[in-house]
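Trainee: Generate coordinates for the sequence data below:
(chains A and B)
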There are 2 protein chains.
Amino acid sequence: MKIAIVTLEAFNEIDSFLASAILNRVTGEGWEVQICCPTAEVTSMNGVRIAAQQRLDYANEADVVLFGSGMKTLEYANDPAFIAQFTLDPARQLIGAQCSGGLILHRLGLTKGIISTDSMTAPFLEKEGLRLSESPLYCTGNIASAGGCLASHYLASWVIARKLGWQAAADIIHYVAPVGQKQEYVDRAKATILPSLQDVA
Amino acid sequence: MKIAIVTLEAFNEIDSFLASAILNRVTGEGWEVQICCPTAEVTSMNGVRIAAQQRLDYANEADVVLFGSGMKTLEYANDPAFIAQFTLDPARQLIGAQCSGGLILHRLGLTKGIISTDSMTAPFLEKEGLRLSESPLYCTGNIASAGGCLASHYLASWVIARKLGWQAAADIIHYVAPVGQKQEYVDRAKATILPSLQDVA
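Mentor: Model (predicted):
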């Protein structure tokens, strides 16, 4: 399975790498998690330069596409040539967005009136008529949005749960969770993610 | 203030970038948070290549040094030439380690018999006579260790709280926490970190 983590110039490190690191914990299933960028290298909002693992068009052939966030996502979302590169299909793909990645999800016509996003992005999406979810993870079928950097572990876990079932996600959350708080993290993730799974069960 | 996030070959993305991204949220204080590597570029445990912002010797002059973790930390910790590069001073510096970064902390003689680390690293440190903390963050004065990838937000918040007070840390945790769970995250971080602050107050 191919998983694209779309990671743009001035990207937020938590949003791309928390999701990718958790998804990379899936073993023995042939998952290929790739940081996908518009150029061969991009620099984070905090000045960390990284090399792309794939270009953006990997997203079009991927089984899962997650849009990370960053300081320039609004510029990207407002660039028709950038948006036109994506030919995504929510009937075939799981598609998710983290924080300002929701701006791209919206421009792609993939939001269904409600979105979970961060407080900085929220005014832009409200102005376009979207309602804000009060949950860190909002899902409609194969489309999900997450709000607040640390909610990226819910977005990644939603992907794992959708593809391999809840227990596979729970095992990985248990592994990455803080010592002494592992069951608490699993329980909260379950309460956050499970309603969206029943929706499609 | 100079902050070194020591990031080695085969590094764990969560452990370096969750801490660095949170520390970079401190504004107006002149904080300089730098990813420090043994070479000009390193590649993560999941194949993401990044450019160093500083070399390792930046850690020696830094005010705060955090050792990230990864798949080769044991090799680094067992290399006397690698360890000899560090001339750290816990009287002057805050020094922390995440998961397998605790192996380096131990080799530097900076652990005081108890450490918080992840379940994969734990057997190596127990064999050397260390006791394992059941808390995600264990602090003795200016030295801290954290266990479980997501505990890196506690390690970073401990640094902020030690330098700028608890409220500064709470504000940043509130910002990065998942939508709808922000107060819950702040409260749990407070319960986790505050005992270590009273120790040095």
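Trainee: drop to CA atoms for contacts and neighbour counts, all remaining ones
Mentor: OK.
Trainee: list the buried ones in stretch A:9-26?
Mentor: A:9-26 (16 or more other C-alpha atoms under 10 Å in any protein chain shown).
Trainee: go on, stretch A:117-131?
Mentor: By 16+ other C-alpha under 10 Å, the buried positions in stretch A:117-131 come out as A:117-118, A:121-122, A:125, A:130.
Trainee: Just give me the neighbour total for the closest residue to A:Lys112 other than its chain neighbours.
Mentor: Nearest residue to A:Lys112 in three dimensions, chain neighbours excluded: A:Thr140, at 7.5 Å (C-alpha to C-alpha, 6 or more residues apart in numbering or on different chains). By the measure other C-alpha atoms under 10 Å in any protein chain shown, the count of residues near A:Thr140 is 16.
Trainee: Identify each of the helices in chain A and give its residue range.
Mentor: A:13-23, A:58-61, A:73-77, A:80-83, A:101-107, A:122-127, A:152-164, A:166-176, A:182-198 (DSSP state H).
Trainee: Please identify the most buried of the ones you listed.
Mentor: helix A:13-23 (a mean of 26; mean count of other C-alpha atoms under 10 Å in any protein chain shown).
Trainee: what does it rub up against?
Mentor: A:5-7, A:33-35, A:44-45, A:68-69, A:98, A:149-150, A:152-153, A:155-157, A:160, A:172-173, A:176, B:12-14, B:17-18, B:21, B:46 (C-alpha atoms under 8 Å, 6 or more residues apart in numbering or on different chains).
Trainee: let's see it at 6 Å
Mentor: Residues outside helix A:13-23 that contact it (C-alpha atoms under 6 Å, 6 or more residues apart in numbering or on different chains) are A:68, A:149, A:152-153, A:156, B:14, B:18.
Trainee: circling back: put together a markdown table for the helices of chain A, with distance to B:Asp79 and mean pLDDT on each row.
Mentor: Below are those laid out as a markdown table (distance: least, C-alpha to C-alpha, whole Å; pLDDT from 0 to 100):
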| stretch | distance to B:Asp79 | mean pLDDT |
| --- | --- | --- |
| helix A:13-23 | 27 | 98 |
| helix A:58-61 | 40 | 98 |
| helix A:73-77 | 43 | 98 |
| helix A:80-83 | 47 | 98 |
| helix A:101-107 | 42 | 98 |
| helix A:122-127 | 49 | 97 |
| helix A:152-164 | 34 | 98 |
| helix A:166-176 | 27 | 98 |
| helix A:182-198 | 33 | 94 |
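Trainee: Export these to JSON lines and append columns for distance to B:Asn78.
Mentor: Converted to JSON lines, the helices of chain A look like this (distance: least, C-alpha to C-alpha, whole Å):
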{"stretch": "helix A:13-23", "distance to B:Asn78": "26"}
{"stretch": "helix A:58-61", "distance to B:Asn78": "40"}
{"stretch": "helix A:73-77", "distance to B:Asn78": "43"}
{"stretch": "helix A:80-83", "distance to B:Asn78": "48"}
{"stretch": "helix A:101-107", "distance to B:Asn78": "42"}
{"stretch": "helix A:122-127", "distance to B:Asn78": "49"}
{"stretch": "helix A:152-164", "distance to B:Asn78": "33"}
{"stretch": "helix A:166-176", "distance to B:Asn78": "25"}
{"stretch": "helix A:182-198", "distance to B:Asn78": "30"}
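Trainee: returning to that earlier point: quick check: the two most widely separated of the buried residues of stretch A:117-131?
Mentor: Farthest pair in the buried residues of stretch A:117-131 (C-alpha to C-alpha) is A:Asp118 and A:Leu130. Separation: 13.4 Å.
Trainee: Next up, the contacts around the residue in chain A sticking out farthest from the centre.
Mentor: In chain A, the greatest distance from the average C-alpha position (C-alpha atoms, centre = their mean) is reached by A:Gly180, at 27.1 Å. Applying C-alpha under 6 Å, 6+ apart, we find A:Gly180 in contact with B:134-135.
Trainee: At the contact with chain B, which residues of chain A appear?
Mentor: Residues of chain A lying close to chain B by C-alpha under 6 Å from any C-alpha of the partner chain are A:14, A:18, A:49-51, A:134-136, A:147-151, A:176-180.
Trainee: Cross the residues you listed against strands and list the overlap.
Mentor: Taking DSSP state E, the ones among the residues of chain A next to chain B that sit in strands are A:49-51.
Trainee: Relative to B:Ala91, which of the buried residues of stretch A:117-131 is nearest.
Mentor: Nearest member of these to B:Ala91, counting by C-alpha to C-alpha, is A:Asp118, at 39.2 Å.
Trainee: okay if I get the ones in strands among the residues of chain A next to chain B as a markdown table plus distance to B:Leu105, pLDDT and neighbour count?
Mentor: What follows is those, written out as a markdown table (distance: C-alpha to C-alpha, whole Å; pLDDT from 0 to 100; neighbours: other C-alpha atoms under 10 Å in any protein chain shown):
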| residue | distance to B:Leu105 | pLDDT | neighbour count |
| --- | --- | --- | --- |
| A:Arg49 | 27 | 98 | 19 |
| A:Ile50 | 27 | 98 | 22 |
| A:Ala51 | 30 | 98 | 19 |
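Trainee: First-to-last residue distance for stretch A:79-86?
Mentor: End-to-end span of stretch A:79-86 (C-alpha to C-alpha, to the nearest Å): 12 Å.
Trainee: Would you mind measuring from the spatially closest residue to A:Arg49 that is not a sequence neighbour to A:Ile22?
Mentor: Once flanking residues are discounted, A:Arg49 sits nearest to A:Thr43: 4.1 Å by C-alpha to C-alpha, 6+ apart. Distance of A:Thr43 to A:Ile22, computed by C-alpha to C-alpha: 22 Å.
Trainee: and if you look at A:Pro90?
Mentor: 22 Å.
Trainee: same thing with A:Val176?
Mentor: 8 Å.
Trainee: How about A:Tyr138?
Mentor: 19 Å.
Trainee: do A:Glu41 as well
Mentor: 22 Å.
Trainee: Kindly report the same for A:Asp118.
Mentor: A:Asp118 is 21 Å from A:Ile22, by C-alpha to C-alpha.
Trainee: likewise A:Ser133?
Mentor: 24 Å.
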